[in-house]
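J.: Let me see the structure of the following:
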Amino acid sequence: MYFCGNYYWIMVGKIDKLDLKILEIISKDARIPLSEVAERCGVSRAVVHQRVGKLTEKGAIMGSGYHVNPKMIGYSTCTYVGINLEKGSMYSDVVNQLKQIPEIVECHFTTGNYTMLIKLYAYDNAHLMDLLNNHIQQIPGVISTETLISLDQSIKRQLPIIFPKED
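T.: Numbering: from 1, shown residues only. Coordinates of the predicted model:
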């Protein structure tokens, strides 16, 4: 779907209005029974089940389940680390090394001041320092890092589901 002037366009054959309605409902509550989703959409449970399966196959739905609060299991430090690489072409090799560090939860290839940006959780500052000095900065191709510690997460939400405007 993309925006063009005053109209929203849905990519043909990808996601229709029913799919959008299903996504809107389940993105607000992933534990909602499919029978309730079906009732709200005015279709059968089988149709919703089939649509959810197809949306998952297409990649429109990425996972489901519970989100564990990192602080509740001891990870008190949320950190973003900007990484500069010797060469941008080393990105894939560095990513493969970063995947071996379980505390890293996100990795992005970026423009701007860093080649890549990662998000990680550490138990405390000593754990963070170990991750930086003995793991991340030891990866071949990593030439520098800049660490930004998150003091508080004020917003975390799903993107809104936007319906196409009627003509």
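
J.: Give the rounded mean pLDDT of the longest helix along the chain.
T.: Longest helix in the chain, counting residues (DSSP state H): helix 45-58. Mean pLDDT, computed over helix 45-58, is 94.

J.: Show me which residues of it are buried.
T.: For helix 45-58, a neighbour-count test (16 or more other C-beta atoms under 10 Å) marks Val47, Val48, Arg51, Val52, Leu55 as buried. In short, each C-beta sits where N, CA and C put it, glycine included.

J.: I figured the last one hits Leu23, correct?
T.: It stands for Leu55. Yes. Counting by C-beta atoms under 8 Å, Leu23 is a contact partner of Leu55 at 6.9 Å.

J.: all strands in the protein, in order from the N-terminus.
T.: Under the criterion DSSP state E, strands of the chain are mapped to 2-4, 7-9, 77-85, 104-109, 116-122, 142-150.

J.: and the third one, what other elements does it pack with?
T.: Judged by 3 or more C-beta pairs under 8 Å, 6 or more residues apart in numbering; DSSP states H and E, the packing partners of strand 77-85 are helix 91-98, strand 116-122, helix 125-134, strand 142-150.

J.: Dump those to TSV, plus mean neighbour count and mean pLDDT.
T.: What follows is the helices and strands packed on strand 77-85, written out as TSV (neighbours: other C-beta atoms under 10 Å; pLDDT from 0 to 100):
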stretch	mean neighbour count	mean pLDDT
helix 91-98	15	98
strand 116-122	21	98
helix 125-134	15	98
strand 142-150	13	98
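
J.: Now render those as CSV, adding distance to Pro70.
T.: Output for the helices and strands packed on strand 77-85, formatted as CSV (distance: least, C-beta to C-beta, whole Å):
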stretch, distance to Pro70
helix 91-98, 18
strand 116-122, 5
helix 125-134, 12
strand 142-150, 11
